[in-house]
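Visitor: Everything below, folded, please.
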Amino acid sequence: MKSCHQFILTLFFLFVFVALNVPAQEATKTNLPEGAKLRIGKGTLGEIAYFPDGTRFAVATSIGTWVYDSIIGEKLYQLYDPKSRVNGIKNVSISPNGETIVTKTSEENVLLWNANTGELLRQLVSDEKEHYYALFSPDGEIVATSSGTPSERSNKTINLWDVRTGKLLNTLAEPNSAFYNKCFSPNGKSIATWNLGSIYVSLWDVVTGQLLKSFTAHDGNVNTVQFSPDSQTIATGGQDYTVRLWNANTGQLLNTLDHRDITSLTSVLFSPDGKIIATGGISSGTVHLWEVTTGNRLFRLIGHTDNSVYSICFSPNGRIIATGGDEGTIRLWSTNTGLELMKLSGHKGMIDTVLFSPDGLTLLSKSSDRTVRLWDTLLGQSLKTLDGYTESVTSVSFSPDGNTMASGSSDKKVRLWNARTGKLVNTLTGHTDEIFSVRFSPDGKTMASGSRDNTIRLWDAITGEHIRTIEGHERSVKSILFTTDGQTVISHGWNEVHQWDANTGSHLKTLNGHMISPDEDLIIDVYNEEVDDPGGRGEYILSLSDVDSGQLRWEITGWGSVLSIECFSPDGNMFVTSDAHNSTLELWDVDTGRIINTYSGHLNFQHCGGGLIQAVRFSNDGKTIASGSDDKTVRLWSTEEGKHIKTLSGHAAGVNSVAFSPDSKTLASGSSDGTILLWDTTNSEIGD
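Guide: This is a model prediction of the structure:
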């Protein structure tokens, strides 16, 4: 009778899931950074975690953490606090009592949240500049974090914190050591630490913070460490093809499990009763089940067709083991017979996480295809797919009427969006590598995309139909633009500029230089001297020539780092360059070759979180310049007054592309965090 009730209940849940399995919402107007009016995209996908009672699960993304209902798969709330500017969540963990959530941001901040209200409780603060993966103790009263400073990357420590007060309890450190991986013993008395680049494992007393013992675990680097459920045995997996079992109290080697078919052991897991240990790794589609007491191999689970198994999970009762493979399938096996029970298909990429719900009736999986799926383990059915997570947004562009926006991504796809609502209109596939540039024709009927695959593709902007592919670039197509009459496509690559017939795709002309002016009369070229100076500074030669005659208008020699030509102003009277060493912009006069203004403010490589300026664009009236940088900000500059206007902060990763709407009242920015933000440029009070 009980099994009948479970079957009926499962059918009910399946009906609910299917009924609600609608396409993911791509845009939101909630929890936006100051000055933004719309966010498109759900960000890049991070870790997932079940709540202990199985009623909810958490999904970490590059733009925050969401908590979902496990039954219907709908979002309940987002962990968000405007004062903390929380972005870029990499890790998420739930306390054993389900009351607290710990997350770690891309800025290496560790934050504690109330799991019932989503309220930010506190941030764990120490003198260290970086924090890594956070882990709850079995009783949920302690959080362990790995930390260190940027200048001392070889000397990491483990910090133990009181969850209720946020007070630092102990710091675990060894002289000249480097470790940031850790796991608690199930009884909460010990913590094991290790480093992926080391052969050693250390055991510590959680209460006193004292080092209990340190031992050489493998002849090759240690990949993973696990305690048995009774805390008496430690299993270590290394790059020497072995899993080794150790007495947790004495450090004595108990057994060595040899794996000659696995290059690197990445998955080692005890069954809930501690009697079986499962192992898997790279270069083998096989999972091994071993008897812990004897070290004898019980079964070889053979079924994954690709080379690696990255995720293993036992069901709560230990009777089933789930494995996730490189080929995108999940397989359920009997631990009693070693036979495959079912194969779950639906993912289109590597499975890096599989998690059973506490009752074992549902399985949660995460894949490199940027989706999370919920599965019924009795029927083998996919119950819910959480999609909409994306890769880095590399290019954005508005249609001439401002109603449509195109974006290119590192996932090789072009997407068309409703610029008013953020709704996804179409997805264009065909490129075989990262998209670098997207641009609409002047009449808005055609859209062009340029890619790392060295090609340009022309698309019908209304239907999304592929029109033609243009080949001829020797290297990546960095940027594209249409001439004002829409009859010619101009593409810029690495030291090459080409003109193409937009109607036929035929090659018209190859120009020597870096960038052509809007009227197609002038072309700018730059030569950067190769130097061995640590700062990358040297001589550059900047020149302007007539396109038709090739006559040199002017040539300037200067000193700096790598100089990049970014863009012309809409009227062609000015252009912008960026300096890689200083992360500065220079506004130049086309006629005289003189610098009009220099803009500084973006963080360069000398600052933590700094980097290159990746995107520059003029507003359509030429009065404003927008720049996006690896420092995660967009900055607006005045061309007339030569000063900084405002800084727009809100992305969780570097900004790769910026574009103004036709009326220049909206600015779009695309980021490596997988999202596009639309900013209101008319509000003078926003920004720094």
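Visitor: Let me know how buried the residue lying closest to Tyr241 once chain neighbours are set aside is, in neighbour terms.
Guide: Nearest non-adjacent residue to Tyr241, counting by CB to CB, 6 or more residues apart in numbering: His259, 5.1 Å away. For the C-beta atoms, the positions are set from N, CA and C on the backbone; glycine is no exception. By other CB atoms under 10 Å, 21 other residues sit near His259.
Visitor: I'd like the distance from His259 to Asp219, if you could.
Guide: His259 is 13 Å from Asp219, where distance means CB to CB, to the nearest Å.
Visitor: And for Lys445?
Guide: 64 Å.
Visitor: same question, Leu79
Guide: From Leu79 to Asp219 the distance is 43 Å (CB to CB).
Visitor: Compare these two (neighbour count), which wins?
Guide: Counted by other CB under 10 Å, Leu79 and Asp219 do not tie: Leu79 has more neighbours, with 24 against 11.
Visitor: Contacts only, for the more buried one.
Guide: For Leu79, the contacting residues are 64-67, 86, 89, 101, 103, 111, 113, 118, 120, by CB atoms under 8 Å, 6 or more residues apart in numbering.
Visitor: again, but for Thr682
Guide: So Thr682 contacts Lys665 (CB under 8 Å, 6+ apart).
Visitor: How about the secondary structure of it?
Guide: Each residue gets one of three states, and Thr682 gets coil by DSSP: H, G, I helix; E, B strand; the rest coil.
Visitor: Ser619 versus that one, what's the distance?
Guide: Counting by CB to CB, the gap from Thr682 to Ser619 is 12 Å.
Visitor: Same question for Thr404.
Guide: Thr404 is 19 Å from Ser619, where distance means CB to CB.
Visitor: now Leu344
Guide: Distance from Leu344 to Ser619, by CB to CB: 50 Å.
Visitor: In terms of neighbours, single out the busier of those two.
Guide: Using other CB under 10 Å, the more surrounded residue of Leu344 and Ser619 is Leu344, with 23 against 20.
Visitor: Need phi/psi at the more buried one.
Guide: Phi and psi for Leu344, reported as degrees, to the nearest 10, are phi -100, psi 120.
Visitor: Just give the closest residue to it, not the sequence neighbours.
Guide: That would be Ile330: by CB to CB, 6+ apart, it lies 4.1 Å from Leu344.
Visitor: Extract the residue ranges of the stretch 251-400 of the chain that are flagged as low pLDDT.
Guide: The stretch 251-400 of the chain contains residues with pLDDT under 70 at 261, 263-264, 283, 306.
Visitor: Apply 90 and report the result again.
Guide: Scanning the stretch 251-400 of the chain for pLDDT under 90 picks out 251, 258-267, 280-286, 302-310, 325-327, 368-370, 386-391.
Visitor: and what of the stretch 51-200 of the chain?
Guide: 61-66, 71-75, 77-91, 103-111, 122-134, 145-159, 171-182, 194-200.
Visitor: so who does the spatially closest residue to Val414 that is not a sequence neighbour touch?
Guide: Leaving aside its sequence neighbours, Val414 sits nearest to Leu428 (CB to CB, 6+ apart; 4.0 Å). Counting by CB under 8 Å, 6+ apart, Leu428 makes contact with 413-416, 447, 449, 457, 459, 464, 466.
Visitor: same thing but at 10 Å, please
Guide: 406, 408, 413-416, 435, 438, 447, 449, 457, 459-461, 464-466 (CB atoms under 10 Å, 6 or more residues apart in numbering).
Visitor: and if you look at Thr279?
Guide: Counting by CB under 10 Å, 6+ apart, Thr279 has contacts 224, 235, 237, 242-243, 257, 259, 262, 265-269, 286-290, 297, 309, 312.
Visitor: tell me which element it falls in.
Guide: Element membership for Thr279 (DSSP states H and E) is strand 276-282.
Visitor: what pairs with the residue nearest to Leu344 across the strands?
Guide: On the basis of DSSP bridges, Ile330 is bridged to Gly324, Leu344.
Visitor: Just give the number of residues close to it.
Guide: 26.
Visitor: what separates it from Lys213, distance-wise?
Guide: Taken as CB to CB, the span from Ile330 to Lys213 is 38 Å.
Visitor: that older thread, now the angle between strand 276-282 and the helix or strand following the strand holding Thr279, please.
Guide: Next along the chain after strand 276-282, taking DSSP H and E as the criterion, comes strand 286-291. Going by axes from the mean of the first three to the mean of the last three CA atoms, to 10 degrees, strand 286-291 is angled at 160 degrees with respect to strand 276-282.
Visitor: quick one: contacts of strand 286-291?
Guide: Against strand 286-291 from outside (CB under 10 Å, 6+ apart): 235, 243, 245, 255, 257-259, 261-262, 265, 267-269, 271, 275-281, 296-304, 309, 312, 321, 323, 325, 331, 333, 335, 338.
Visitor: Adjacent strands (with direction) for it?
Guide: With DSSP bridges as the test, strand 286-291 pairs up with strand 276-282 (antiparallel), strand 297-302 (antiparallel).
Visitor: which parts of the shortest one are buried?
Guide: The neighbour-count criterion (16 or more other CB atoms under 10 Å) identifies 298-299, 301 as the buried residues of strand 297-302.
Visitor: For Asp546, state which of these is nearest.
Guide: Of all the buried residues of strand 297-302, the one sitting nearest Asp546 is Leu301; the distance, using CB to CB, is 69.8 Å.
Visitor: out of everything not next to it in sequence, what's closest to that closest one?
Guide: Using CB to CB, 6+ apart, the closest residue to Leu301 is Val287 (4.2 Å).
Visitor: repeat for Glu471
Guide: Per CB to CB, 6+ apart, closest to Glu471 is Thr455, 5.4 Å.
Visitor: show me the contacts for the one you found.
Guide: 430-433, 449, 469-473, 476-477, 491.
Visitor: In strands only, show me those.
Guide: 449, 469-471, 491 (DSSP state E).
Visitor: Filter the residues you listed down to the buried ones, PyMOL style.
Guide: In PyMOL syntax, the buried subset of the ones in strands among the contacts of Thr455 is picked out as below (16+ other CB under 10 Å):
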select buried, resi 449+470+491
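Visitor: Could you export the ones in strands among the contacts of Thr455 as a markdown table, including pLDDT and distance to Thr28?
Guide: Output for the ones in strands among the contacts of Thr455, formatted as a markdown table (pLDDT from 0 to 100; distance: CB to CB, whole Å):
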| residue | pLDDT | distance to Thr28 |
| --- | --- | --- |
| Ser449 | 97 | 26 |
| Thr469 | 97 | 35 |
| Ile470 | 96 | 36 |
| Glu471 | 95 | 39 |
| Ser491 | 93 | 35 |
